[in-house]
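A.B. asks: have a look at this prediction, sequence included:
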2 protein chains.
Amino acid sequence: MERKRKIYEFIRDEISRRGRPPTLREIGGRFGISSTNGVRYFLDKLEADGLIKRSANTARGISLVEHGSRGGTRSVPLLGRVPAGGPDFGEEHREGHILVDERLVGGGDLFAVRVRGDSMIGAGIHDGDVAVVERDQAPRSGEIVVALIDDEVTLKRLVRKGGAVLLKPENDMYEDIDLSEMSGRNISILGRLEAIVRTY
Amino acid sequence: MERKRKIYEFIRDEISRRGRPPTLREIGGRFGISSTNGVRYFLDKLEADGLIKRSANTARGISLVEHGSRGGTRSVPLLGRVPAGGPDFGEEHREGHILVDERLVGGGDLFAVRVRGDSMIGAGIHDGDVAVVERDQAPRSGEIVVALIDDEVTLKRLVRKGGAVLLKPENDMYEDIDLSEMSGRNISILGRLEAIVRTY
DNA sequence: CAGCTTACTGCACAAATGTTCAGTAGTCAA
DNA sequence: TTGACTACTGAACATTTGTGCAGTAAGCTG
C-alpha cells in the first residue's frame, strides 16, 4: 500500500528528472528488489489502479496516466516577433517556451505572445503579461481575441453587432476597429485568448 | 542541415507526446532511414551541436539539452478554505494542484489561492483569478501581499510609510488598513504575490 | 494447522535497442 | 580525375530490457 505509492512517485520523478521512464531494473535497484518480477508485481498493481499505462515489449514502456489533479503540462511556444501573415512557428521566431497546466487551457493548438500596450487595461490585461492563445479564426462574439493589425499584435474584445464585426479595446483612450470597413489595413484574427499569466 | 533540425523536433515532440524519447529505429522509421546508423549519423551531429545528450548503452538514451532554461514545473497546492492561523497544508484543505512554470515563479515555498472580491481591480487582479504566493512574512514596501484578516484571505498592496504599515486595496470603494492600529482584528501576512493566472 | 495473500527470488529466454565495422552513391571543389 | 565530404545501406553483434514460469518465506484467516 505504501510501497506502491513510493514506486509511482519514483517513476514520476525519473520522468521529470531524466526525461525518460525507468526500466524494471532501475526501479528494482532503487528499492532493493533484485528480481525484475518483484517490480512487475507492483507495476501490475499500478496499472490495475489506472495510475500508469504500459506498452508491451517496449523499453521503458511506462507512461503516467494523467488523472484529475496530477495532470500534465503543455509546452507552449512563446513567440517573439510575429511577422505579417500570421505567426511563424519556426524556431527562429521563438522566444522560448512556457509550460502551462493542461487543465487550465484546452487541448487546442496553442501559442503565447507577450502583451504590448494597455488597450485592454479594463479587462485586467497589462503590458508585459503573457497571453496564451488558441488558434481559432472564428471566435464568438464577446471573446477576447488576438489580432494582427498591420504587423502588430493586439488583444481586443470581438463583438458582432448586426452584420458588423468590431474589435473593441477596453480602454477609453483607444477607438473601436470595424472589421467590415478596414480601410486598406491588413487585419487577421489569430486566435482566442485562453489564459493570462502575469508574474511579479 | 534541414534534416537535422527536423529530427531534433521529432525527438522533442515524441518526448512530449509519449513521455519517452524515441529509439533509433523509431526515428529511422519516421524519416525513411532504414539503417540505425543513418540515424546515429544525425544524432552524433545533434550531440556535437550540444542540442541533445546521449547515455551510452541505454534504451531511449536521448535527452534534450534545455538551452537557456531548465524547463521544469512546480506543482503548487491550490488551497480552498484557508483557516485562521494561516494556511494549512494538509491534504484536507487542498482544492487541487496547479502546475506552474519553474522559471516564472521562484524556488521558494509556494501555494496558490483563488482571489475573492474586486479590491485589487486597479492592479488588474480580478475575482476568480488564481494567485500564486510565496510564503514570506516580511515583504517589502510596494509589493502585493496576501493577508489573512479575521479568517478571510485578501490581496493588498503593502506600503510602509514612516513607521506605519498599510495594506492598500487598489479600488476606491475600499479603505486602507493600518497594521499598526489594528483594533482587535487578527491580521497576519501569509506571503508575497508571485504570479496571477487567469483563464477564459 | 491448512490455505490464502503479499511480496518477492531466480533463471532462462526473447525481443528491443544501441554499437561496430565495412562499404557506397552522390555532390562539390581543385 | 582525384579526393574529401555527406548521407546514408547492410549485416553482424553486444547489451539492455521486458516476459514467463516456477518457487518461497512471512503474515494473516478461519
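C.D. replies: Sure thing, it's come through.
A.B. asks: what's next to stretch A:4-16, contact-wise?
C.D. replies: Applying C-beta atoms under 8 Å, 6 or more residues apart in numbering or on different chains, the contact partners of stretch A:4-16 are A:20-22, A:26-27, A:30-31, A:39, A:42-43, A:45-46, A:49, A:51-52, A:62, A:64, A:70, B:19-20, B:72. In this view, the C-beta of every residue, glycine as well, is placed from N, C-alpha and C.
A.B. asks: helices - which of the residues you listed land there?
C.D. replies: A:26, A:27, A:30, A:31, A:39, A:42, A:43, A:45, A:46 (DSSP state H).
A.B. asks: which ones, among the contacts of stretch A:4-16, also lie beside DNA strand D?
C.D. replies: A:26, A:62 (C-beta under 7 Å from any atom of the strand).
A.B. asks: drop anything exposed from the contacts of stretch A:4-16.
C.D. replies: Among those, those classed as buried by 16 or more other C-beta atoms under 10 Å in any protein chain shown are A:20-22, A:26-27, A:39, A:42-43, A:45-46, A:51-52, A:62, A:64, B:19-20.
A.B. asks: where is pLDDT lowest across those?
C.D. replies: Ranked by pLDDT, the buried ones among the contacts of stretch A:4-16 bottom out at residue A:51, which scores 81.
A.B. asks: my read: it touches residue A:62, true?
C.D. replies: No - when contacts are counted by C-beta atoms under 8 Å, residue A:51 is not listed as touching residue A:62 (10.3 Å).
A.B. asks: tell me the first helix or strand C-terminal of the helix or strand of chain A with the lowest mean pLDDT.
C.D. replies: Least confident element among the helices and strands of chain A, by mean pLDDT, DSSP states H and E: strand A:94-101 (a mean of 64). Sequence order places strand A:110-114 as the next helix or strand after strand A:94-101, per DSSP states H and E.
A.B. asks: paired strands for that following strand, with orientation please.
C.D. replies: strand A:73-79 (parallel), strand A:130-135 (antiparallel) (DSSP bridges).
A.B. asks: convert it to PDB, retaining C-alpha atoms only.
C.D. replies: Extracted in PDB, the C-alpha atoms of strand A:110-114 (Å, rounded to 0.1, in the frame of the first residue of the first chain):
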ATOM      1  CA  LEU A 110      -1.700  26.900 -28.600                       C
ATOM      2  CA  PHE A 111       0.900  29.700 -28.700                       C
ATOM      3  CA  ALA A 112       1.700  32.500 -26.400                       C
ATOM      4  CA  VAL A 113       2.600  36.200 -27.000                       C
ATOM      5  CA  ARG A 114       3.700  38.900 -24.700                       C
END
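A.B. asks: and it, how far from the chain's centre?
C.D. replies: Taking C-alpha atoms, centre = their mean, to the nearest Å, one finds strand A:110-114 lying 9 Å from the centre of the chain it belongs to.
A.B. asks: buried ones in it, by neighbour count?
C.D. replies: Applying 16+ other C-beta under 10 Å to strand A:110-114 flags A:110, A:111, A:112, A:113 as buried.
A.B. asks: so where's the longest strand in chain A?
C.D. replies: For chain A, the longest strand by residue count, based on DSSP state E, is strand A:187-199.
A.B. asks: in its sheet, what does it sit against?
C.D. replies: In the sheet, strand A:187-199 lines up with strand A:130-135 (antiparallel), strand A:144-149 (antiparallel), strand B:187-199 (antiparallel) (DSSP bridges).
A.B. asks: between those, which one is nearest to residue A:121?
C.D. replies: strand A:144-149 (12.8 Å; C-beta to C-beta).
A.B. asks: residue A:7: neighbouring residues, count only.
C.D. replies: Other residues within reach of residue A:7, judged by other C-beta atoms under 10 Å in any protein chain shown, total 23.
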